[in-house]
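[1] can't give you the sequence, but here's the structure:
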């Protein structure tokens, strides 16, 4: 079986993984899972022999980000990363990209192993030749060296589980690091969640994930007899600090990606308290087939193409450049946070201000039919890979 060298993949940066881990209370551990694509129950489980810390767990080698890496703890024992599909999986090739520390490659060689009859057997040794240190141009670009991406041609294998095994001699200074392990079926690789959502812009700068379960998709909404379809952003943090700051009517809202404006509610009219209560009482026990004036209030919807649409709800105002049919750029200001559509607005007050942010993929809101733990994991990944507006 032939191993071929290809140029390193493009650069993608994770900007706040540790923050999301802290917010969700997820501790670094030896194993976890990721989800293939959007709105799916397909889970791929991973496990590692050890991790250097919460920023270097096994998922960093499976997240389609060349600049994040799994790094083992310092040890005199062999190290490994295993991938378990849970069922038969067709595989045509595996791509391995080594990780770096201080611009030095942290992997001399590894062995691709498959599990057969309860025992691991060596399928192919992968040697990383060439310079152990990244060249000047690669360092300036922040990317791995051009000879690092090693392709293991499997020739077509049925497997439910494999691992990348690093013997003692394959490590550097007692540690091993892997930036990426990609699994291919034909020309397509398995992706960490849905690649269409990777690198979106934060709709609110330094936005924090909701403090409780009610702010995530699928949470019940008793006042209207419905189900939450988006993410509620109530707080941000200041640059250089993770202390939560409540959003208010001055907080700016930004487009998550470039696209075409589908809806911009320039003719929005607030409900009176009586109208709000009447609509709430009706929708508690009646299915909604058409909503003329929804509890989402003043809204902007953007079509990003490729099956992805985002919506921004409860806005207090819309930027004058945002009109239906017009184009917006990624990170463009589209309005300000508010409480439109909520009881506070109907009463003429400003309590309850937040951004209700929805992501729709292929006709379903992101998180539809998913367990709460998976929804939290999904949005944690989106926030970790998102760009900050203005950066």
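    Right, received. Where do you want to start? What you see is a predicted model, and the numbers here were worked out from it, not measured in a lab.
[2] what does the domain assignment say about this structure?
    Domains of the chain are assigned by automatic domain parsing as 3-192, 213-385.
[3] mean pLDDT lowest for which of the ones you listed?
    When the domains of the chain are ranked by mean pLDDT, domain 3-192 comes last with a mean of 79.
[4] Show me where the stretch 151-300 of the chain has its strands.
    Along the stretch 151-300 of the chain, counting by DSSP state E, counting those that start in this stretch, strands occupy 177-185, 188-189, 220-221, 226-227, 231-233, 235-237, 244-246, 252-254, 259-264, 300-305.
[5] Now tabulate these in TSV and tack on distance to residue 105.
    Quick note: C-beta positions are derived from backbone N, CA and C, even for glycine. Listed next are these as TSV, based on distance: least, Cβ to Cβ, whole Å:
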stretch	distance to residue 105
strand 177-185	8
strand 188-189	22
strand 220-221	51
strand 226-227	49
strand 231-233	39
strand 235-237	35
strand 244-246	40
strand 252-254	38
strand 259-264	40
strand 300-305	37
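[6] and those strands as TSV, adding distance to residue 360 and mean neighbour count?
    Output for these, formatted as TSV (distance: least, Cβ to Cβ, whole Å; neighbours: other Cβ atoms under 10 Å):
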stretch	distance to residue 360	mean neighbour count
strand 177-185	27	22
strand 188-189	23	12
strand 220-221	18	13
strand 226-227	14	13
strand 231-233	12	23
strand 235-237	24	18
strand 244-246	27	13
strand 252-254	17	23
strand 259-264	11	18
strand 300-305	9	19
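[7] quick one on the thing from earlier: and the domains of the chain: which comes nearest residue 201?
    For the domains of the chain, the distance to residue 201 is smallest for domain 213-385, at 4.5 Å, taking Cβ to Cβ.
[8] Distance across the closest one, terminal residue to terminal residue?
    Across its full length, domain 213-385 reaches 22 Å end to end, with Cα to Cα, to the nearest Å as the criterion.
[9] Can you give the distance from that domain to the centre of its chain?
    Distance of domain 213-385 from the chain centroid (Cα atoms, centre = their mean, to the nearest Å) equals 19 Å.
[10] For residue 381, find the nearest of the strands of the stretch 151-300 of the chain.
    Smallest distance to residue 381 across the strands of the stretch 151-300 of the chain (Cβ to Cβ): 12.8 Å, for strand 231-233.
[11] got a list of contacts for the closest one?
    Applying Cβ atoms under 8 Å, 6 or more residues apart in numbering, the contact partners of strand 231-233 are 203-204, 207-210, 214-217, 247, 337, 354-359, 379.
[12] which among these end up buried?
    Among those, the ones that count as buried by 16 or more other Cβ atoms under 10 Å are 203-204, 207-210, 215-217, 247, 337, 354-359, 379.
[13] how near is the closest residue to residue 169 other than its chain neighbours to residue 168?
    Nearest residue to residue 169 in three dimensions, chain neighbours excluded: residue 108, at 6.8 Å (Cβ to Cβ, 6 or more residues apart in numbering). Separation of residue 108 from residue 168 (Cβ to Cβ, to the nearest Å): 10 Å.
[14] which of the two has more neighbours?
    Neighbours were counted for residue 108 and for residue 168 using other Cβ atoms under 10 Å; residue 108 has more, 17 against 12.
[15] Relative to the whole chain's centre, how far out is stretch 378-386?
    Relative to the chain's own centre, stretch 378-386 is displaced by 3 Å; criterion: Cα atoms, centre = their mean.
[16] Ok, which of the strands of the stretch 151-300 of the chain comes nearest residue 324?
    With Cβ to Cβ as the criterion, residue 324 lies closest to strand 259-264 of these, at 5.2 Å.
[17] what sits up against that closest one?
    Residues outside strand 259-264 that contact it (Cβ under 8 Å, 6+ apart) are 299-305, 309-311, 318, 322-328.
[18] how much does that strand deviate in direction from strand 300-305?
    Going by axes from the mean of the first three to the mean of the last three Cα atoms, to 10 degrees, strand 259-264 is angled at 150 degrees with respect to strand 300-305.
[19] Give me the sheet partners of strand 259-264 and which way each runs.
    Here strand 259-264 has these sheet partners by DSSP bridges: strand 300-305 (antiparallel), strand 327-328 (antiparallel).
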